[in-house]
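Chemist: Coordinates for the following, if possible.
(one chain, ligands or ions: 1)
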Amino acid sequence: MVAVPVTIGRRPAPAPAVPTPSAVPTVPTAPNAPSEPLTDRFGRVHRDLRISLTDRCSLRCTYCMPEQGNEWLSRSSVLTTDEIVTVARAAAAAGITTFRLTGGEPLLRPDVVDVVARLAALRGPDGAGAQVAMTTNGIRLPEVLDALVAAGLARLNISLDTLDREKFAALTRRDRLDDVLRGVAAAQRSGLRPLKLNAVAMRGVNDGELVDLVEFAVAHDAQLRFIEQMPLDAGHTWDRSAMVTREEILASLERRWTLRPIPGRGGAPAERWRLLEGRGEAARDTGHTVGVIASVTAPFCGACDRLRLTADGQLRSCLFATDETDLVGVLRGTVGGDGSSRTPDGERQAAVDARLRVCLAGKRAGHGIDDPGFLQPARGMNAIGG
Ligand code: SAM
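Modeler: Below is the predicted model of the structure:
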């Protein structure tokens, strides 16, 4: 497998996070010649590409980023929109059907609407359009959501860990709960459904308000999904004994509702339950659901269908991969897909396709958090793309 060590560009002074939007798209949106599905050595067919648009964020969540000393990607190392679309075209031709935009905070990218429009215009081998989804902290949604929806955004996840302003400020190191709540309200007004809210469950932080978070989601016509905290913080301070487990989350919710499991999870990361009022025979379905993403205590790697593209053009087969497959060389014409020659434009798509397969070939059966030799990836979650 051709893999490169994690290399993060550095820049001393703050500056705009990303290139300016391209005025005229240069990459056509017609489907590529179909290529083989992206099947790994364990038979997992890959349908989902997570694309990080920037490593920068308007918040500094303690479980994700350090408060200070972030070594941001250099402006020139962040992929342009043309480059992202080149990767996405090759991926769509190989059967990727969902592009999830993330970061960092994807809405900090100035041309995010352009990115959504161009990805939504891509077609798979069967002619079907790609689905473009986004995970965001929601802060910029009131400004841009209408344009995103018009551009073709299909699904939205908003991260919200607490409803308590002081806790929010301590957890994110920014006093911006009201901005996030305005983002949730904008999302509720939009037609995007299902609307999902993500909350990382944390002991001593928000484990006392899990029910409140679900009630809040229900009131906003959204589905709450609790995430087990993973060892991805930039400070490498994660402690398994401190994390709130799936079992604890369910026990907390069961004090308020009867939970009825929803079968048929497929490759989705979240297990889901229906929320029922009352107990036993008399229990009544509220029509609402809750999800738990138990990445640590009940990993779902066996059904994983995801690949990741970092903002600086590295392919990752797993959140916890310790190696990456470089796409910058083929995108910027310095290295061929086989690692040998320069790449003229006409060959670039094939070269990207070849790199997708190199990345896939190195994908492990599981994330290995429980392995004795587990090493936390060098990048924090913000630089990987959550
Ligand atoms: N800024 C966007 C946001 O807030 O949703 C997108 C990026 S963020 C890295 C994506 C998701 O990863 C968020 O829902 C966040 O809570 C989650 N996340 C970050 N670090 C995590 C960790 N150590 N364990 C579990 N989830 C984490």
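Chemist: Sketch out the low-pLDDT regions of the stretch 251-386 of the chain for me.
Modeler: Scanning the stretch 251-386 of the chain for pLDDT under 70 picks out 334-346.
Chemist: can you list the residues of it near the ligand?
Modeler: Listed as neighbours of the ligand in the stretch 251-386 of the chain under the rule Cβ under 6 Å from any ligand atom: 381-382, 386. For the C-beta atoms, the positions are set from N, CA and C on the backbone; glycine is no exception.
Chemist: Now with 8 Å, please.
Modeler: When proximity is defined by Cβ under 8 Å from any ligand atom, the stretch 251-386 of the chain lies next to the ligand at 295, 380-382, 384-386.
Chemist: Mind checking which of these land in helices?
Modeler: Judged by DSSP state H, helices contain the following of these: 381-382, 384.
Chemist: Pipe the residues you listed into JSON lines and attach neighbour count per row.
Modeler: Converted to JSON lines, those look like this (neighbours: other Cβ atoms under 10 Å):
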{"residue": "381", "neighbour count": "23"}
{"residue": "382", "neighbour count": "28"}
{"residue": "384", "neighbour count": "28"}
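Chemist: Let me know the closest of those to the ligand.
Modeler: Minimum distance to the ligand across these is 3.7 Å, recorded for residue 381 (Cβ to the nearest ligand atom).
Chemist: Tell me how many other residues surround the nearest residue to residue 230 once chain neighbours are set aside.
Modeler: Spatial nearest neighbour of residue 230, chain neighbours left out: residue 295 (5.3 Å); criterion: Cβ to Cβ, 6 or more residues apart in numbering. By other Cβ atoms under 10 Å, 21 other residues sit near residue 295.
Chemist: With residue 333 as the reference, measure out to residue 295.
Modeler: Distance of residue 295 to residue 333, given as Cβ to Cβ, to the nearest Å: 37 Å.
Chemist: Buried residues in stretch 69-86, which are they?
Modeler: Of all the residues in stretch 69-86, those buried under the rule 16 or more other Cβ atoms under 10 Å are 70, 72-73, 77-81, 83-86.
Chemist: and if you look at stretch 48-68?
Modeler: Neighbour-count burial for stretch 48-68, counted by 16+ other Cβ under 10 Å, picks out 48-66.
Chemist: how far out from the middle of the chain is it?
Modeler: The chain centre lies 10 Å from the centre of stretch 48-68; the measure is Cα atoms, centre = their mean, to the nearest Å.
Chemist: Just the endpoints, please. Distance across it?
Modeler: 32 Å (Cα to Cα, to the nearest Å).
Chemist: next one: stretch 370-378
Modeler: End-to-end for stretch 370-378, by Cα to Cα: 18 Å.
Chemist: Check which residues of it are buried.
Modeler: 376-377.
Chemist: Can you give the contact residues for it?
Modeler: Outside stretch 370-378, the residues that touch it by Cβ atoms under 8 Å, 6 or more residues apart in numbering are 6, 8, 231-232, 236, 238, 319-322, 368, 384.
Chemist: ok, 10 Å please
Modeler: For stretch 370-378, the surrounding residues in contact (Cβ atoms under 10 Å, 6 or more residues apart in numbering) are 5-8, 230-234, 236, 238, 240, 296-297, 299, 316, 318-324, 364, 367-369, 383-384.
Chemist: Stretch 246-255 too?
Modeler: Counting by Cβ under 10 Å, 6+ apart, 199, 201, 203, 207-211, 213-214, 224, 226-228, 244-245, 259, 271, 273, 275, 279, 290, 292-298 sit against stretch 246-255.
Chemist: Double-check that residue 99 belongs to a strand.
Modeler: Yes. If the criterion is DSSP: H, G, I helix; E, B strand; the rest coil, then residue 99 is within a strand.
Chemist: In this protein, which residue sits nearest the ligand?
Modeler: residue 386 (2.7 Å).
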